[in-house]
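**Q** just coords:
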C-alpha cells in the first residue's frame, strides 16, 4: 500500500466516510454488518443510505455554483455608464440602482471606486427635503368636523351596525344628557365626542378601552359622531380619570327621566339590587379584597352595585365607588338617587342577606320603603321551626316555571337585633333544600306566597347581571386599570338601555341578551352615503335583515341633532 492510502482507508470527513462505506457495500459487495463495523455505522443506517442512493435522494458531492467566481470587474461599458450618470448629478446609490436596472448589477462601493479612480469628489450634502426616507403623512387627529360635505361622499364603515343605536340615542336626548351632566371637554373635543366614543366602544363590546384602537380607523363611525377621526386610546384613558362620580349620577338620573315616558324604568314593581365584584389582575393597585364568585375566592377587586327595574329588567343604577365601610349603606344611596331622579321613594327593594345590615333595614322602614330579603338560618330558629306541628305549615301553589311550585309556608312576626319593630318572617319548605329558607320583610299586607315568588324572581337579576357583564365585558380589570371603573359601569347601564330600546322595536327580540342583539344585528358592516339631504347607511347583507325591515328601519328617517337635524336613513340590499 502506497504512502497516502490512509486518506481512503480512514476517511475523516462525514461525506467521504459515507462515500467509502457505500463504495464498499456496492462495488466490493461487503456485507452491511461488516461495512457498519468498519466505518462506524449501524446496520440499519447502511441499508438506509443504500436505499436513498438507489432513489437518487442522496447527494455525496456538492455541486459547483454557476456565475462569476470573483469580484465583478468594472468593464469599459460599465465604467463609461457610471461616469455618465455622475455627470448628470446622481449619487453613488442612485448610480448603482440605475446600473442594476440596466443589467449591470454592481455595488455602491464599486461605483465609488470607479469615481474615486477618476478623481471625482463626493457630492455635496443635500437639503433635508431630498434626503432620507419618504416623509410620513401627518396622522389624522380627532376633531369636530369643520362642516358638512360639499358634495356627495361615500365612506366605508366597518361598524355600520352600531348606527342602529343612534335613533335610541336621539329618542332619550343622550347628547343633551351628557352636556347637562357636566362631563369635561377639551379644546378640540366636546364632552359628547369623548363620552360618545367611549359609549360606542362599550356598545361595540370592546373588552377594555385599550382595545378601542380597533375603532379608531373607522372613518364612517367617526363621521357618525361628527368627528374627523375617533379619539385614540391615550385620550380615552386619561379623559376617563377626569370624570367625577357626580357626572355619572346625573347622567343615569337623566336617562331614567327620559326612559319613564317610554314605559321603561317605571319602578312600579320594585327593584332587584345586587353587588358584583370586578376582579383586578394586577398587584399594584390599592384595592380591598372582595369575594369573586367566578374565582371562588377573595381577591383584590372593585365592588360595584347595580339596581334593576323588576318589571322591565333594565339596569337603572350603578356605582363602582364603594368601600367596605360604605357597602351596607349603598342601598340608602340608591334610594336617595331614585328619590332625586323621580321625586318619589323606590318601590319594593329586593336583595340578598349579605347586601346590608339590620341597622340599614331600620332606616329603610323609617322612610316608608318596603324591603324583602333573606335571614340567615340560626340554630335556635331552625330548632323552633322544626318543633312546629305539621298543621302550622300551609301548602301553596305558585305560578312559576320549573320544579318546586308547591312550597309549604309558615308565617310569624319575629324580633331582630337592630330593628325596633317586629318584622314579618316567611319560612319556606319543599323548595329543594334540606332546611327552610327564611324570608323577612316589612310588607305586612301582601300574601306570603306572592312575596316568596317575588324573591324567587329576584334571582333573575343575577342572570341579567351576567348578560351585562359578559355582553359588555365588565368582568375583569387590566393591570393598569386604564379606564375609570365607575364611568365604565355607568356606560354599561347606558349601553344596556340603548340595546333594550332597539330590542323593543324588533319582534321576538324584546328580551334578547346584548350578545344576541350584537350577533344578529349590530355586528355588521356597510357604507355611509352622505349628501346635503342627509346620510344613508347601506348595510351589507345579513340574514336577520328581515326583522329590521319589519320593524320599519327601511322607512325611518331620524333627525340627528349633531348633524344639524339632517336625517339618518337605512338601506338594505335586495334579497
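**A** Cool, got the structure. Model, not experiment: these values are computed from the prediction. Residues are numbered from 1 along each chain as shown.
**Q** need the contact list for residue 443.
**A** Applying CB atoms under 8 Å, 6 or more residues apart in numbering to residue 443 gives the contacts 348, 370, 372, 424, 451. Every residue, glycine included, has its C-beta placed from N, CA and C.
**Q** assumed the fourth one was part of a helix.
**A** No: according to DSSP: H, G, I helix; E, B strand; the rest coil, residue 424 belongs to no helix; its state is strand.
**Q** beta partners for it?
**A** residue 413, residue 441 (DSSP bridges).
**Q** my read: it touches residue 413, true?
**A** Yes: contact criterion CB atoms under 8 Å: residue 424 and residue 413 qualify, at 6.1 Å.
**Q** compare neighbour counts for the two and give me the winner.
**A** Neighbour totals were compared for residue 424 and residue 413, and residue 424 leads with 19 against 10 (other CB atoms under 10 Å).
**Q** mind listing the strands for the stretch 51-200 of the chain?
**A** 153-157 (DSSP state E, counting those that start in this stretch).
**Q** same question for the stretch 301-450 of the chain.
**A** Remark: strands assigned in the stretch 301-450 of the chain by DSSP E, counting those that start in this stretch are 315-319, 349-350, 371-374, 394-395, 408-414, 423-429, 437-441.
**Q** pretty sure residue 501 contacts residue 168?
**A** Yes: at 3.7 Å, residue 501 counts as touching residue 168 under the criterion of CB under 8 Å.
**Q** thinking again about what came up before, just send the contacts of residue 443 back as a markdown table, with distance to residue 315 and pLDDT too.
**A** Output for the contacts of residue 443, formatted as a markdown table (distance: CB to CB, whole Å; pLDDT from 0 to 100):
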| residue | distance to residue 315 | pLDDT |
| --- | --- | --- |
| 348 | 17 | 94 |
| 370 | 21 | 95 |
| 372 | 19 | 95 |
| 424 | 29 | 95 |
| 451 | 23 | 91 |
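**Q** quick one: which two of these are the most distant?
**A** 348 and 424 (13.1 Å; CB to CB).
**Q** where's residue 339 relative to residue 353, distance?
**A** 25 Å (CB to CB, to the nearest Å).
**Q** tell me the contacts of residue 398?
**A** Contact analysis of residue 398 by CB under 8 Å, 6+ apart lists 405, 406, 407, 449, 452, 453, 456.
**Q** which among those end up buried?
**A** When those are checked for burial by 16 or more other CB atoms under 10 Å, the buried set is 407, 449, 452, 453, 456.
**Q** could the residues you listed go into a markdown table alongside distance to residue 538 and pLDDT?
**A** Formatted as a markdown table, the buried ones among the contacts of residue 398 follow (distance: CB to CB, whole Å; pLDDT from 0 to 100):
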| residue | distance to residue 538 | pLDDT |
| --- | --- | --- |
| 407 | 56 | 89 |
| 449 | 55 | 89 |
| 452 | 53 | 89 |
| 453 | 49 | 88 |
| 456 | 47 | 84 |
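**Q** so what pairs up with the residue nearest to residue 160 when sequence neighbours are not counted in the strands?
**A** Excluding the flanking residues, the one nearest residue 160 by CB to CB, 6 or more residues apart in numbering is residue 526, at 3.1 Å. Judged by DSSP bridges, the bridge partners of residue 526 are residue 157, residue 539.
**Q** and which of the buried ones among the contacts of residue 398 is nearest to residue 433?
**A** Distances from residue 433 to these, taken as CB to CB, are shortest for residue 407 (10.4 Å).
**Q** hmm, that closest one is touching residue 430, no?
**A** Yes: the pair residue 407 / residue 430 is scored as a contact, 5.1 Å apart, by CB under 8 Å.
**Q** common neighbours of these two, please.
**A** The contact sets of residue 407 and residue 430 overlap at residue 395 (CB under 8 Å, 6+ apart).
**Q** helices of the stretch 1-150 of the chain, residue ranges please.
**A** Here the stretch 1-150 of the chain has its helices, by DSSP state H, counting those that start in this stretch, at 6-9, 14-26, 32-39, 43-54, 76-87, 92-101, 108-117.
**Q** ok, of those helices, where does mean pLDDT dip lowest?
**A** Mean pLDDT is lowest for helix 6-9 among the helices of the stretch 1-150 of the chain, at a mean of 76.
**Q** so what pLDDT did the spatially closest residue to residue 180 that is not a sequence neighbour get?
**A** In this structure, residue 180 finds its nearest non-sequential neighbour in residue 254, 6.2 Å apart by CB to CB, 6+ apart. With respect to pLDDT, residue 254 scores 95.
**Q** list the contacts of residue 254.
**A** The contact partners of residue 254, taken as CB under 8 Å, 6+ apart, are 177, 180, 181.
**Q** same list, the residues you listed, but as JSON lines with neighbour count and pLDDT please.
**A** Below are those laid out as JSON lines (neighbours: other CB atoms under 10 Å; pLDDT from 0 to 100):
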{"residue": "177", "neighbour count": "22", "pLDDT": "96"}
{"residue": "180", "neighbour count": "15", "pLDDT": "95"}
{"residue": "181", "neighbour count": "22", "pLDDT": "95"}
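**Q** measure residue 31 to residue 25 for me?
**A** In this view, residue 31 and residue 25 are 8 Å apart by CB to CB.
**Q** quick one: which of those two has more around it?
**A** For residue 31 versus residue 25, the count of surrounding residues by other CB under 10 Å is larger for residue 25: 21 against 12.
**Q** neighbours of the residue nearest to that one when sequence neighbours are not counted, how many?
**A** Setting aside the residues directly before and after it, residue 25 is nearest to residue 35 in space (CB to CB, 6+ apart), at 5.0 Å. By the criterion of other CB under 10 Å, residue 35 has 24 neighbours.
**Q** was I right about residue 35 contacting residue 24?
**A** Yes: Residue 35 lies in contact with residue 24 (CB under 8 Å); the separation is 5.4 Å.
**Q** report the two of the buried ones among the contacts of residue 398 separated the most.
**A** Distances among the buried ones among the contacts of residue 398 were taken as CB to CB; the most separated pair is 449 and 456, at 10.5 Å.
**Q** from the contacts of residue 254, pick the one nearest residue 188.
**A** residue 181 (20.1 Å).
**Q** list of residues touching stretch 174-186?
**A** Applying CB under 8 Å, 6+ apart, the contact partners of stretch 174-186 are 169, 190-192, 194-196, 239, 242-243, 246-248, 250-251, 254-255, 258, 494, 561-562.
**Q** quote the end-to-end distance of that stretch.
**A** One end of stretch 174-186 sits 19 Å from the other (CA to CA, to the nearest Å).
**Q** that older thread, quick one: which of the buried ones among the contacts of residue 398 sit in helices?
**A** The members of the buried ones among the contacts of residue 398 that map onto helices under DSSP state H are 449, 452, 453, 456.
**Q** pretty sure the first one sits against residue 405.
**A** Just to be clear, that refers to residue 449. No: using CB under 8 Å, residue 449 is not in contact with residue 405, being 10.5 Å away.
**Q** follow-up on the earlier one: among the contacts of stretch 174-186, name the buried ones.
**A** Neighbour-count burial (16+ other CB under 10 Å) is assigned, among those, to 169, 190-192, 194-196, 239, 243, 247-248, 250-251, 254-255, 258, 494, 562.
**Q** secondary structure element for the residue nearest to residue 180?
**A** Using DSSP states H and E, residue 254 sits in helix 245-259.
**Q** just give me the neighbour total for residue 344.
**A** Counted with other CB under 10 Å, residue 344 comes out at 9.
**Q** for it, which residues are in contact?
**A** residue 338.
**Q** relative to residue 50, how far out is the spatially closest residue to residue 41 that is not a sequence neighbour?
**A** Among residues not flanking residue 41 along the chain, residue 21 sits closest, at 6.4 Å (CB to CB, 6+ apart). Counting by CB to CB, the separation of residue 21 from residue 50 is 9 Å.
**Q** hmm, back to that, tabulate the contacts of residue 254 (JSON lines), appending distance to residue 264.
**A** Listed next are the contacts of residue 254 as JSON lines, based on distance: CB to CB, whole Å:
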{"residue": "177", "distance to residue 264": "15"}
{"residue": "180", "distance to residue 264": "19"}
{"residue": "181", "distance to residue 264": "19"}
